[in-house]
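>>> Attaching a predicted model along with its sequence, questions to come.
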Amino acid sequence: MSLRVGGFVLAGALALTGCAHTAAGLAPDTAARLESTPGGFLSGAVEGFDGEPTVLNRKDVIWTVDFAPRSPLVAYTRFANGTIGQRLTVWDLGTASATGAAGPTQRFDALVNASEFDPEGVAFAPDGALVATVSRSGAVQLFDVATGTQRALLATEEPLVSVAFHPDGKWLAVGSTQGLVSLVSVPALEFAAEARLHTGPVSALAFAADGTLYSGGWDGHVRASDTPEQAARPDAARTHFERRGGFAAVQGRVDGGPPMVLALDSRTPVVALTTAAATASGIDVAFLKDTVTVPGAMGNTVARLARGRTLRFKALTLPGVDVAVCDACVPQGSQGVLGAPFSERVDTVFDETTAEAVLTLKGGVPEGTPSVTSRGLTPRLDFTFPAHVNDVTVDARGQRLGVAFSQEKAERTLAVYQRERKGVEEPQGPWNAGALVDAASGKVLRKWELHHGVVSSAAISPDGRSLASGGWDRRVYLFTEAEQAPKGELEFGWTVRRVRFSPDGRRVGVAAWTRVNTVGSQESDPAAVVVGVRYASPTVEPRGAPAAQ
């Protein structure tokens, strides 16, 4: 039995009309136990989707969705139809999905990018106070959930497509389109560690409660990495370089300023910035009293001198550097030059294969330099599959993974759009599938091959027994481990991007694209949807405290 609701099909949800759980929400005693169990989640075989879905958006292209851990909040990123740029929207679901009483209210809507760069990752902090976004612009942003204001911004060197908070809330993992996974601190967004774990996009990142980081990629790998807490005194960093006007140029920062392009030239007797770059780095050029004479091809230049600045290259810091403000000293196409004072303290080796410069402090970190508490990133397990990995989620116990596979890369090419316009159905196949995977061995425990074409997302239930999968065939399916047939189905108007279970297992959130409508109300097919999940005989389990690493 199926029912068309708000422009999409809700299938299987009303098939068990004689069941005691056909009404939206939980039995009162189960709901009370769930509310009184900190971090608790539902466990048991799912029966289907529960009640009428809540449609939060039917205007925009929705990129991704996430639930807050301990409050009824849901966030999604979107390409905003009729407004500026790419945005982050947070909703308070209240009791809508539990009792059908109060409707959801929008908490805030914030600008992420005023440009075309897609924000393909969103994640709530464990305490729900912050929400993070990452974008193909390379930006990591933190927003305050209470106010909607931006708390921090970090510009990285590679386009970013995935993000996840460490269970302790103090660290954030971000994944790039070029296989790099980085750990940054929260809320300062300072670099802690990085590893190139994949070749190609890091399609998903997910932390288990014990701090194990699972990463998935289009290279067909799922990797598990340890993230131990450690005392660190970084003496090396890898940063992109390029050749500009006869110089090698790297990206770095001065003090807390923005990233800038710095040319390497050991012949120049100073470290120098242009006036604009110095101002952007927080240097008040007009109030600088000291000067330095810099010889050049056109004669000597007297430059203002900012003493005791700190150069930053990811986790590597170089304190106590005097910086000249000198437009004539900086090669064209760069914002600064790293001259002799830099080369005297730092060795630079170029890795042409990865187009990275390896910067290493000569003699290591100076004695007496205080160590800082940081997180490492150490690959431990590598699971290889004969398909592209598009999504990875982990259950509450860290024992099972939900993985989305596709036989072709999940690339939105012209050929894909043309097939969709013609109504050509993509094929089913053994690896166009969502799967439950053992987190310790990588063994596929159960695989469902119902989708046609790319399976873009796979959300595992907190108890690890069920899976919600979404695909480019416009379908979302709800499976339980004991059965091959789906227990529920949603049909959307266009591509499904992300599917996620809420941390308590009561809801599933879906991010989909909808076709832009510029006429009238501009409403189209549902694009951001939250729907309840019905269990046959649900129990409530506590979520264990994260184990120390």
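Thanks, I have it.

>>> which SS state does the residue positioned nearest the centre of the chain fall under?
Closest to where the C-alpha atoms of the chain average out (CA atoms, centre = their mean) is Val163, at 2.1 Å. The local conformation at Val163, judged by DSSP: H, G, I helix; E, B strand; the rest coil, is strand.

>>> and the nearest residue to it once chain neighbours are set aside, what pLDDT?
Taking CB to CB, 6 or more residues apart in numbering as the measure, Val163 lies nearest to Gly121, with 3.8 Å between them; neighbours along the chain are not counted. Quick note: C-beta positions are derived from backbone N, CA and C, even for glycine. Predicted confidence (pLDDT) at Gly121: the value is 96.

>>> Quick check: which element contains the nearest residue to Asp473 once chain neighbours are set aside?
Excluding its sequence neighbours, the residue lying closest to Asp473 (CB to CB, 6+ apart) is His452, at 4.2 Å. Mapping His452 onto the secondary structure by DSSP states H and E places it in no helix or strand at all.

>>> Within its local environment, how many residues does His452 see?
Applying other CB atoms under 10 Å, we find 17 residues neighbouring His452.

>>> and Tyr535, what does it touch?
Tyr535 sits next to His21, Leu42, Gly44, Ala45, Val46, Glu47, Gly505 when contact means CB atoms under 8 Å, 6 or more residues apart in numbering.

>>> Please indicate which of the residues you listed has the highest neighbour count?
Per-residue neighbour counts (other CB under 10 Å) across these peak at Val46, which has 28 neighbours.

>>> Does that residue touch Glu481 like I think?
No: using CB atoms under 8 Å, Val46 makes no contact with Glu481, being 9.6 Å away.

>>> Return every residue with contacts to both of those two.
In the contact map built from CB under 8 Å, 6+ apart, the residues linked to both Val46 and Glu481 are Arg465, Ser466.

>>> give me the low-pLDDT residue ranges for the stretch 351-500 of the chain?
Within the stretch 351-500 of the chain, the segments meeting pLDDT under 70 span 368-371.

>>> now do the same end-to-end measure for stretch 81-91.
Its first and final residues considered, stretch 81-91 spans 18 Å by CA to CA, to the nearest Å.

>>> tell me, how many neighbours does the residue nearest to Val163 end up with?
26.

>>> dump the residue contacts of it.
Taking CB under 8 Å, 6+ apart as the criterion, Gly121 is in contact with Thr64, Thr77, Ala132, Thr133, Val134, Ser135, Leu160, Val161, Ser162, Val163, Val174, Gly175.

>>> Can you check what pLDDT the model gives Leu316?
For Leu316, the pLDDT comes out at 89.

>>> My guess is Ala249 contacts Gly336. True?
No: Ala249 is not in contact with Gly336 according to CB under 8 Å; the separation is 9.4 Å.

>>> circling back to that earlier point, bridged to the residue nearest to Val163, which residues?
On the basis of DSSP bridges, Gly121 is bridged to Val134.

>>> Quick check: the gap between it and Arg497.
Taking CB to CB, to the nearest Å as the measure, Gly121 and Arg497 are separated by 11 Å.

>>> same check, this time on Asp351
Relative to Arg497, and taking CB to CB, Asp351 is found at 34 Å.

>>> the more surrounded of the two?
For the pair Asp351 and Arg497, the greater number of neighbours falls to Arg497 (26 against 11), based on other CB under 10 Å.

>>> May I ask you to confirm that that one is in contact with Ile62?
Yes: counting by CB under 8 Å, Arg497 touches Ile62, with 6.4 Å between them.

>>> can you list residues touching both of those two?
Listed as contacting both Arg497 and Ile62 by CB under 8 Å, 6+ apart are Ala511, Ala512, Trp513.

>>> so the last one makes contact with Ala527?
It stands for Trp513. Yes: between Trp513 and Ala527 a contact is recorded at 6.5 Å, counting by CB under 8 Å.

>>> tell me, what's touching those two both at once?
Residues touching both Trp513 and Ala527 by CB under 8 Å, 6+ apart: Val61, Ile62.

>>> For Ser36, the count of nearby residues, please.
Under the neighbour criterion other CB under 10 Å, Ser36 is assigned a count of 9.

>>> my bad, should have said Gly169
For Gly169, the neighbour count with other CB under 10 Å is 17.

>>> Could you do the one 10 residues further on as well?
Other residues near Gly179 come to 21 when the count uses other CB under 10 Å.

>>> show me what contacts it?
Contacts for Gly179 were tallied using CB under 8 Å, 6+ apart; they are Arg196, Leu197, His198, Thr199, Gly200, Pro201, Val202, Gly217, Asp219.

>>> which of the residues you listed count as buried?
The neighbour count (16 or more other CB atoms under 10 Å) marks Leu197, His198, Gly200, Pro201, Val202, Gly217, Asp219 as buried among those.

>>> Help me confirm that the second one comes into contact with Gly220.
So that's His198. No: distance between His198 and Gly220: 9.3 Å, which falls outside the contact criterion (CB under 8 Å).
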